[in-house]
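Student: predicted model, plus sequence, below.
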Amino acid sequence: MKDFILPTSIHDDRDMGTPAKIGAPVTLTIDGFSITVPEGTSVMRAAAEAGMQIPKLCASDNMEAFGSCRLCVVEIEGRRGTPASCTTPVAEGMAVKTQTSKVKKIRKGVMELYISDHPLDCLTCSANGDCELQDMAGAVGLRDQRYTSGRNHYDPLGIGTLAQGDARARAPVGDLGNPDYIPADTSNPYFTYDPSKCIVCSRCVRACEEVQGTFALTIEGMGFDSRVSAGMTGDDFMASDCVSCGACVQACPTASLQEKSIIELGTPERSVITTCAYCGVGCSFKAELNGDELVRMVPYKHGKANRGHSCVKGRFAYGYANHKDRILNPMIRDSIDQPWQEVSWDEALTFAADRMRGLQDTYGKKSIGVITSSRCTNEETYLVQKLTRAVFGNNNTDTCARVCHSPTGYGLGQTFGTSAGTQDFDSVEDTDVMILIGANPTDAHPVFASRMKKRLRAGAKIIVIDPRKIDLVRSAHVEASHHLPLRPGTNVAVVSALSHVIVTEGLMDQDFIRERCDWDEFSEYAEFISDPRHSPEATEMLTGVPAADLRAAARLFATGGNGAIYYGLGVTEHSQGSTTVIGIANLAMLTGNIGRRGVGVNPLRGQNNVQGSCDMGSFPHELPGYRHVKNQDVRDIYEDLWGVEIDSEPGLRIPNMLDAAVEGTFKGLYCQGEDILQSDPDTKHVAAGLAAMECVIVHDLFLNETANYAHVFLPGSTFLEKDGTFTNAERRINRVREVMKPLNGYADWEVTQALANAMGAGWTYTHPTQIMDEIALTTPSFAGVSYDVLEEKGSVQWPCNEDHPDGTPLMHVDGFMRGKGRFIVTEYVATEEKSGPRFPLLLTTGRILSQYNVGAQTRRTDNSLWHDEDLLEIHPHDAELRGLKDGQWIKLASRSGETTLRAKVSDRMSPGVVYTTFHHPDTQANVITTDFSDWATNCPEYKVTAVQVSHSNGPTDWQEEYNAQAERSRRILPAAE
Amino acid sequence: MQPDKLIMMANQIATYFKTQPGTGQAESVAAHINDFWDPRMRAKLSTYVETDGTGMSELAIEAMAFIRVPKD
C-alpha cells in the first residue's frame, strides 16, 4: 500500500494530540494505512498525520502525553490489552487498529462516566459548538448514560439534575441547594473557572506547568471531589500565582475555564491571523470575530515566534481598541492653551501642511522633523521616514528605538557587521547555558520567558546579571546557577571581568577566534582584558559582585556547552550602553558562541516593531537597511526612485530635536504613535522642547501626554484595523492583517500619505503591499520579501533575498556579515550620574507584566486590576533607615525633579537600589530621570539616577501643575455644524 | 543646543576612543561625530571651541580639526 503523509499546512491548526518529534523515520500501519513518522512520535499523532482523529480528552499537542482519560485506547497487533495511543510510541512494522468493537465499547463507557459528572445544559453552555467533550460524545456515539446524578459538584441545588436551568425551574422555593456545589470563580477579569464543568483532565494544570511554567494550578481532592485549584486552598484565581497567560483556558476542553468574552458575546464565526502589537516577541494570534466584533484573541499554533503561547497582554488586553477615550475625529488648535477644535480630515491636513511648510519657509528646511513608531508597521514607518527625506527634504527622523536599543545597533554593527540579534527564538531549545543580563523576560517578554523556563527545567543553566532578584533568579522550578547582583552602571566592568576570567584561564575557543575573527584585534583585546584591573577581585568593590561568584559564572559559560546571551534595556540604557553591547559580542566571540543553534547574542526588543522601525531607516543617519546617508550610491537608489535629492548629512536625534527646539532652531514635529512626554527622560526638558515648537502633530489613538503640547491631532488606527508587517526581535517579518475597518476611517499609512500629499508629495499607494514592494526593491536585506512570500511561508527572517530565499534564522553561520568578527576594547568609564549625600540611592526603571510601556493601551484595559499605579520598590533596609513602611506615600527626588508614589518594600531589591515603572502619567517617573546618555547613540541613561526617598503627604507641586495643564489641554470643542 | 551638553557628549566620545589601541583616535572621534551629529550641532561645537573651549578634553579639541563644519 502506498505510503502517505498529509503535509502539515501552516493553515492547518488541528490538534495533533501530542507534540511533534524529531527522529529517524518509522513506518507503521494504522487501520491498514501505511504511515511514516519520526521515531518517538505517538500512535495518536501518527494517526492524526494520516488524517485519522483518535478520540481524546486529556491530550493536546502543545504538552506531553498524560494518559489519563483512556478515551484514546487502541488495539495493536501482537500486543496485549488496549494501550492509550497518546502514550504509546510508534514502532517499525506496528499494526494499529483504532476502531475495533473492543475499543469502541471502552470509549463509550469512559464517555458515559465523564458525562455522569457533567451538566447537560449544552444548549445554554458558553462552549456550545466549541466543546471537545461534546465532540467526543458524538465521536464515540454516546446516546445515553446509566448513572444516577446526585451529590455531584455540578448540581447546584442537589436535586439530581444534570442541567442548571432545569435545576432552577425544579427547585422548591427557599431551597438552600447542594452544600457541595462550588460557584464559578469569576475573580479574573478575563476568564471564569466553573468547577461544575471540569472533567479533571489536568490539561490546564499541565499547560500551566509545561507551556507557561508558572505552576499556579493543581488538582485538589479525590474522586468526585477532585477539582482544579489555583494557589492555596481558599485562593481564587486573582489571589493565586496565575499570570493570566490564557494557556489553561486554551487547554480546557470544556467551558470550565472560559473567556468571559465568549460567555458574553458567543462563539466566533470567523478568524484572521495577525500579529500582536505589544512586546518584541511578536506573537501570532488568531483574531476570532463575529462580523467585525472581536470576540477573542487565540495564540496561533503555527506562529513561529510564540509556538501557540501567549501572555496576558496579547491574549486579553485588546479592549483599548474600542475604549471610549479613543479620538476618532481630527482636531486642530492655534496654540496649546486653547481647547481642541474638531475639524474635517481635509481641514486638519491642510492646517498641518501649511504650518509645516510655513515653518520651513521661516526657519529653514531643517527646522522640522518626524518621530516614527515602534508600535506601527514597517510600511507605516517607512512612509514616515520617507516623508521627512523626500518631502521635508532633511534627515530629521528618529524613532523610539533611540531611547531603548540604539546601542544594540551600534555595538553589534561594529563587532558583527549587522544591527540585529543572531538567532531565532527556537534556538533556545539547544542552549546549555544562558546569560541573562539587564532583562526581565517574565515581565517584559513573557512568552519567550516561558520557553526559557522550559529549557531550564530540561537541565540548562542560567546566569542572571541584574541588580534585582527577578523571577528567573528563583521561582517555581527555576534556580539560577549564579545571580550577579551588580550595582547599576557597572555593566561594562562585570562583562569585562567575565572575559578576563575566560582569557586569563585559557577558556576561550581559540579555533573559532582564529578562523572567524581578526586575530590582531583579538591579540590587542586579549592583552587589554588580561590586565589585572579587569579581574573580578579588582572590580568587586566597584560592581558589588562577589569575585568568586563571577569567576564561577565565567567558567560555567565558557565550558558549559552552547552558551547564549540574552539582554535587554538594562544593558543599553546606560552612558556606556554601546560599550556593554560590544562587551557582550566580545564574550560570545571569545567562547565561540556564534553561528549555530543554541548560542548567539540576543537583544530582547521592548516594543513589537523596534527591530522593524530601525530596519526601515528611521534613524537620522541611515536609510533603510542600515546604510549611512553619506554614501552616494545608497542615496542614488532613493533619489532615482523618489525624484528628489537626499540630504547627505545626518539629521537630529530625538534628544537633539528637543535641545534644538529649546534653542529655537527646531520648530515642527510629526510624532506618530509615540508618547515622548511620558516615555522619554527628563520630562521637564521634553515639555520645554515641545512647548517651544510651533507645530506639533500627534498621530495617535488617544490624547496622550505629548498631545498636551500638540497643535494638530490626527486619529490613529489600532493594529486590528490595518494591513502591514511587524519585525520582531528575531528579525522575523510577520503579517499584520486588517481584522476590522479603522474606526477613525483611515489606516495610519493612509494618514501619513495624506499629510505628504497635502505638502505636495503626490504619493499614490493604494495598499501596504505596494509599500513593501518598494522596500524590497530598495533594501538588499528585504529583496525577497513580499506579501505573497509571507502568505506562503507564514513569516521570514531577514536577510531574505536571492542568497537567502527562505530567510535567515541564524546569522553569521559561515562568517560574520562584516567578514571577520571584530574584538573591541571595552574600558569601564563611570557614569557622570553619581549617588552622594543628597541623593544616596540609585533608581532604575522598568516594566511590569500587566502593563506596557507608557500604558496608553494596557491602562485602558482590565490589566490595571493588577497594576493601577507605579510603585517604588525599595529594600527593607533602605526603607527602615528612612522610617518607611510598605504602602506609604513617599517622595522620590533627583537632581532633575521629584514626584510622589507609594512604596513597596521588597527584598527583590539590592540595598541602595530602588526601582519603579513608568506606566502611569500620574506618577511621571521620567520627571526623575536625567538627560545623561550613551556616548555613541544618545540612548538615555534610564537605569542610573541618583535619588533620595522620603516621606510625603501629597502630590508634588509639579504633579499638581502638570495634571491641571493636562486637563486644560484636553478640552474638546465639537465640530461646527 | 547648550554648549555644556555638546561638550559633555564630545568628551564622552573622546573618552571612548582614547581607550582604543593604535593611532588615529582624533580622526575616530571626528568620524563618529561627523556620522552621527546634525551639522548644526557640529557648527555649535566648533564655534564654542573657537571662542572658548573650556571643558573640552584634549582629544576632543584635537578632533575638531577633522570635524566637518557647515559653511553657513
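Tutor: On my side now, so go ahead. Treat the numbers as computed from the prediction; the structure is a model and nothing was measured.

Student: can you count the residues close to A:V492?
Tutor: 26 (other Cβ atoms under 10 Å in any protein chain shown). Heads up, the C-betas are built off the backbone N, CA and C, glycines and all.

Student: which residues does the nearest residue to it once chain neighbours are set aside contact?
Tutor: Among residues not flanking A:V492 along the chain, A:Y828 sits closest, at 4.4 Å (Cβ to Cβ, 6 or more residues apart in numbering or on different chains). By Cβ atoms under 8 Å, 6 or more residues apart in numbering or on different chains, the residues touching A:Y828 are A:490, A:492-493, A:496, A:539, A:542, A:576.

Student: how about A:Y828, secondary structure?
Tutor: Look at A:Y828: counting by DSSP: H, G, I helix; E, B strand; the rest coil, its state is coil.

Student: which pLDDT value goes with it?
Tutor: pLDDT for A:Y828: 97.

Student: gap between it and A:P119?
Tutor: The gap separating A:Y828 from A:P119 is 66 Å, by Cβ to Cβ, to the nearest Å.

Student: how about A:G32?
Tutor: 39 Å.

Student: again, but for B:T15
Tutor: The gap separating B:T15 from A:P119 is 72 Å, by Cβ to Cβ.

Student: A:G231: neighbouring residues, count only.
Tutor: Counted with other Cβ under 10 Å, residues neighbouring A:G231 total 16.

Student: so what pLDDT did it get?
Tutor: 81.

Student: surely it and A:A216 touch.
Tutor: Yes - using Cβ atoms under 8 Å, A:G231 is in contact with A:A216, at 6.5 Å.

Student: which residues are common contacts for the two?
Tutor: Both A:G231 and A:A216 are in contact with A:240-242, where contact means Cβ under 8 Å, 6+ apart.

Student: coming back round to it: and B:T15 and A:P119? Which one has more around it.
Tutor: Applying other Cβ under 10 Å to B:T15 and A:P119 shows that A:P119 carries more neighbours, namely 25 against 18.

Student: for that one, helix, strand, or coil?
Tutor: What three-state DSSP gives for A:P119 is coil.

Student: correct me if wrong: it contacts A:S126.
Tutor: No - contact criterion Cβ under 8 Å: A:P119 and A:S126 do not qualify, at 11.8 Å.

Student: ok, for the residue of the stretch 51-200 of chain A found nearest chain B, nearest residue in space, not its chain neighbours?
Tutor: With Cβ to the nearest Cβ as the measure, A:Y190 is the residue of the stretch 51-200 of chain A nearest to chain B, at 45.0 Å. Leaving aside its chain neighbours, A:Y190 sits nearest to A:F316 (4.2 Å; criterion: Cβ to Cβ, 6+ apart).

Student: what's the answer for A:V74, then?
Tutor: Nearest residue to A:V74 in three dimensions, chain neighbours excluded: A:S85, at 4.6 Å (Cβ to Cβ, 6+ apart).

Student: how about the residues of chain A near chain B?
Tutor: Within chain A, the positions adjacent to chain B are A:366, A:396, A:524, A:528, A:575, A:579, A:620-621, A:628, A:630, A:649-653, A:656, A:659-660, A:663, A:665, A:824-825, A:827, A:829, A:832, A:931, A:933, A:935-938 by Cβ under 8 Å from any Cβ of the partner chain.

Student: show me which of those residues are buried.
Tutor: Among the residues of chain A next to chain B, those buried by neighbour count (16 or more other Cβ atoms under 10 Å in any protein chain shown) are A:366, A:396, A:524, A:528, A:575, A:579, A:620-621, A:649-653, A:656, A:659-660, A:665, A:824-825, A:827, A:829, A:931, A:933, A:935-938.

Student: distance of the residue nearest to A:Y190 from B:D4?
Tutor: Separation of A:F316 from B:D4 (Cβ to Cβ): 47 Å.

Student: same check on B:V29?
Tutor: Distance, B:V29 to B:D4, by Cβ to Cβ: 18 Å.

Student: the two: who's more crowded?
Tutor: Just comparing B:V29 and B:D4: by other Cβ under 10 Å the higher neighbour count belongs to B:V29, 27 against 10.

Student: ok, that one touching B:T15?
Tutor: No - counting by Cβ under 8 Å, B:V29 stays clear of B:T15, with 9.5 Å between them.

Student: interface residues of chain B facing chain A?
Tutor: B:1-2, B:5, B:8-9, B:12-13, B:15-16, B:19-22, B:32, B:34-41, B:70.

Student: can you rerun that using 7 Å?
Tutor: Taking Cβ under 7 Å from any Cβ of the partner chain as the criterion, chain B approaches chain A at residues B:1-2, B:5, B:12-13, B:15-16, B:19-21, B:35-41.

Student: filter those down to the buried ones.
Tutor: The neighbour count (16+ other Cβ under 10 Å) marks B:1, B:5, B:12-13, B:15-16, B:20, B:36-41 as buried among the residues of chain B next to chain A.
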